[in-house]
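Novice: Give me a 3D structure for the following:
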Amino acid sequence: MSAVPLAPLTDPTAPATTAARTIVDLLAAARHRLRRVSPPEAAAELAIGALLVDIRPEAQRRVEGEIAGSLIIERKRSGVETGPP
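Specialist: Numbers count the residues shown, from 1 in each chain. Got it, this is the predicted structure:
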């Protein structure tokens with residue numbers, strides 16, 4: 001599996017007076033760093049030792065099936081609506 005370099009969440013060259021970012025800004029920056037893969041790509045990555053984190057709720061996993069070898073960490077929503085995952 002090739003390593004995917006991750007961009008920093010903050011710009012180390014930004015002036016110290018830059019306003020604090022909101023949770024929505026932080027989540028958008030984190031999502032931008034994700035490399036989404038198709039089911040066949042995920043299977044290939046799992047076969048060579050990648051870790052797949054399954055954030056689907058239990059009810060959805062029951063309907064669609066579990067992913068063998070995945071780590072289940074259900075996504076929890078905070079009181080802040082952040083848009084689609």
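Novice: switch to C-alpha atoms for all contacts and neighbour counts from now on
Specialist: Fine.
Novice: Could you pull out the helices in this structure for me?
Specialist: 23-32, 39-47, 58-64 (DSSP state H).
Novice: okay, R21: pLDDT?
Specialist: With respect to pLDDT, R21 scores 80.
Novice: now do D11
Specialist: For D11, the model assigns a pLDDT of 59.
Novice: again with A29
Specialist: pLDDT for A29: 90.
Novice: count of residues packed around G65?
Specialist: 10 (other C-alpha atoms under 10 Å).
Novice: could you measure the residue nearest to R56 when sequence neighbours are not counted against A29, distance?
Specialist: Take R56 and drop its neighbours on the chain: the residue closest to it by C-alpha to C-alpha, 6 or more residues apart in numbering is E74, 5.7 Å away. Distance, E74 to A29, by C-alpha to C-alpha, to the nearest Å: 21 Å.
Novice: and what of L46?
Specialist: 25 Å.
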